[in-house]
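Asker: Could you look at this predicted model? Sequence included:
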Amino acid sequence: MIRTKLGDITKMQGMDAIVNAANKTLLGGGGVDAAIHAAAGPELLKECKLLDGCKTGQAKISGAYNLPCKYVIHTVGPIWHGGNNDERALLYACYQNSLKLAVQNNIRRIAFPSISTGAYRFPTHLAAEIAVKAVKTFINDHQNDIDEVVFVLFDSHTKYVYDQALKEANKANLNDLFSKYDVEEEMVKIGAEKEDENHFFSNAYPAHFVVDGLPYESVAEYLKAEKAENLFDVNEYEKLLLKANYAKYSQNPALRGKLMATKELPLQSGDLKDNALGRCLAEIREKFRTEYIEPIVAKAEKEEPKEEVVEQPVEEEKEPVRIAIKDSALSMYTITQILEKTEYEFVDELSRIATEDDAELCDLIGVDAYGELKGFLS
């Protein structure tokens, strides 16, 4: 259960542990940190001196001494510098790492303050959204380990902001990855006939990626977090869709390989926004072709040794497999090995190296090329 409470965290009853928004020294400071050290007594400072400080986003545990709980978990929140220095990810880590320590020490009831929103100037509304999401995500994965999490807020405005964040999180069911723009029945059609039967290209397909320092498990989850369902401007919606899908495919080589394997075929979805998903995927595919494939092919062609022309008996010419190489997005190693093979020989060679020991092959051609090779063949 997750709830909020207006009050003083040092007087919170019924908790196994409270969380201290500490600084890196763990030797006391201002705000909540000062209040917790004052209430716990000098023994807390003595123990904290033995903990050797703490890095931003990490957490350490100590006894609680004169506080009405058993433990204090100390975590160091990020200082807000405008949002471009991983502040969101670090704040998310504060809550996750504190809860990990709680589970490791059989702490089932824990109270958090509003981390980083005081002297560290983190915007309260954004901090509340991150805090609620971090806690809900952790509890979803550890449902039998945590009984209660309480956000203990020191003023009514902060409590209102956290109440709203908790209300929004409860309204949007995080277990339902299918948004109004991407329903379960939707198929992405590749070309004129073939359909994406496994939903690899669906917004709802589970694929871990990070955007602006925050982790997501699907494009649909990102769209919900950005409240895309409230946008009436199609262009703004497509910007979000493009940003999330680029992160999805650029950070997951196997999925990138599947997208590249569609070559030049059109991608048509049942998107309510007039095939917005199809357009975005086509744009991302072209961007990958420019970023990943064309430089490799150009380098291979430049380094290809020129041989002296020798007259040979007339034979039926075998078409080189430039297109297949280009669309497979394989590494320089693979290209130089099979550059002159026919299309059929090329496919046979791909099948052969795909059956080699996975770890050895991955080490040989690199993790990106390995993921794309597997995606291309499957």
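Answerer: Looks like it arrived, so ask away.

Asker: quick one, helices of the stretch 1-150 of the chain?
Answerer: 31-40, 42-49, 87-104, 124-141 (DSSP state H, counting those that start in this stretch).

Asker: Columns mean pLDDT, mean neighbour count and distance to Val152 on top of these, output as TSV?
Answerer: From N, CA and C alone the C-beta is placed, and that goes for glycine too. Formatted as TSV, the helices of the stretch 1-150 of the chain follow (pLDDT from 0 to 100; neighbours: other C-beta atoms under 10 Å; distance: least, C-beta to C-beta, whole Å):
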stretch	mean pLDDT	mean neighbour count	distance to Val152
helix 31-40	95	19	9
helix 42-49	96	15	18
helix 87-104	96	22	14
helix 124-141	92	20	12
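
Asker: Quick one: closest of these to Glu148.
Answerer: Closest to Glu148 of the helices of the stretch 1-150 of the chain, according to C-beta to C-beta: helix 124-141, at 9.9 Å.

Asker: where are the low-confidence patches of the stretch 251-378 of the chain?
Answerer: Counting by pLDDT under 70, the stretch 251-378 of the chain shows low-confidence ranges at 270-274, 292-378.

Asker: swap that for the stretch 51-200 of the chain, sorry
Answerer: In the stretch 51-200 of the chain, residues with pLDDT under 70: 171-187, 192-193, 197.

Asker: how about 50 then?
Answerer: 173-185 (pLDDT under 50).

Asker: closest one to Asn20 among the helices of the stretch 1-150 of the chain?
Answerer: helix 31-40 (4.8 Å).

Asker: Output the closest one as CSV - backbone C-alpha positions only.
Answerer: Coordinates of each C-alpha in helix 31-40 appear next as CSV, following Å, rounded to 0.1, in the frame of the first residue of the first chain:
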residue,chain,number,x,y,z
GLY,A,31,16.2,20.2,6.7
VAL,A,32,15.1,16.6,7.1
ASP,A,33,18.7,15.5,7.5
ALA,A,34,19.2,17.8,10.5
ALA,A,35,15.8,16.8,12.1
ILE,A,36,16.6,13.1,11.9
HIS,A,37,20.0,13.5,13.4
ALA,A,38,18.6,15.6,16.2
ALA,A,39,15.9,13.2,17.0
ALA,A,40,18.1,10.1,16.8
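
Asker: between it and helix 42-49, how big is the angle?
Answerer: 120 degrees (axes from the mean of the first three to the mean of the last three C-alpha atoms, to 10 degrees).
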